[in-house]
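Engineer: Please work out how this folds:
(one chain, ligands or ions: 1)
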Amino acid sequence: MAEPVAVVVRHGVEADWPVFRALIAMCPEAARWADTYPALVAEVEGRVAGFALYRVVAGEGELLNLAVDPGVRRGGIGKALMGALMPLAELWHLEVREGNVAAIGLYQSLGMEVVGRRERYYSDGEAALLFSGPRRSA
Ligand SMILES: CC(C)(COP(=O)(O)OP(=O)(O)OC[C@H]1O[C@@H](n2cnc3c(N)ncnc32)[C@H](O)[C@@H]1OP(=O)(O)O)[C@@H](O)C(=O)NCCC(=O)NCCS
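Structural biologist: Reported below is the predicted structural model:
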């Protein structure tokens with residue numbers, strides 16, 4: 001397991017999009033979306049190390065993409081991004097590949113739960129698990 005790293009999370013801007021695309025190219029498990037929606041960006045020593053794309057509608061959030069540079073995984077960057085994201089909505093929803101052990105571990109560590117499954121959701125035939133939670137108290 002990697003050592004924890006010092007992570008700064010900020011809001012994404014359009015100038016980040018080429019970096020998002022480069023990260024997605026290194027992350028086959030990530031969704032392909034790069035150039036849209038609000039984003040949070042994780043920086044380590046001034047370099048973008050990960051990002052989350054999301055949208056919030058009527059108080060509920062949907063995570064559209066999440067990726068961390070493979071070279072700095074398991075250092076708390078995914079958790080820092082999700083920790084900054086969670087307060088932005090009362091409840092979060094997302095889909096994840098059924099075999100994506102790392103992402104599933106991350107979402108479960110945040111108290112999210114499987115609420116459904118979509119057979120052959122991805123173009124390669126893999127099923128998606130639907131996660132929701134954790135509901136914040138008002
Ligand atoms: C999923 C992902 C974002 C996690 O990022 P990360 O920075 O490595 O995650 P963190 O270091 O913050 O890990 C937080 C927790 O998630 C879980 N986790 C992370 N990686 C894991 C793995 N390989 N196996 C099992 N659990 C894992 C653990 O509970 C971990 O806590 P711990 O290290 O104290 O045990 C990263 O692996 C990634 O970018 N994967 C490719 C893209 C992807 O799958 N995106 C999600 C699409 S839905």
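
Engineer: List the buried residues for stretch 75-91?
Structural biologist: Residues of stretch 75-91 classed as buried: 75-82, 84-86, 89-90 (neighbour count, 16 or more other C-beta atoms under 10 Å). (C-beta placed from N, C-alpha, C; glycine too.)

Engineer: what's the farthest-apart pair in these?
Structural biologist: The span of those, defined through C-beta to C-beta, is set by 75 and 90 at 28.8 Å.

Engineer: gap between the two ends of stretch 44-63?
Structural biologist: End-to-end distance for stretch 44-63: 22 Å, by C-alpha to C-alpha, to the nearest Å.

Engineer: buried residues in it?
Structural biologist: 44, 48-54, 61, 63.

Engineer: check the buried residues of stretch 75-91 against the ligand, which are close?
Structural biologist: Contacts with the ligand within the buried residues of stretch 75-91, as defined by C-beta under 6 Å from any ligand atom: 75-79.

Engineer: Tell me which strands the longest strand along the chain pairs with, and in which orientation.
Structural biologist: Across the chain, the longest stretch assigned as strand under DSSP state E is strand 47-57. Paired strands of strand 47-57, with direction, are strand 39-44 (antiparallel), strand 60-68 (antiparallel) (DSSP bridges).
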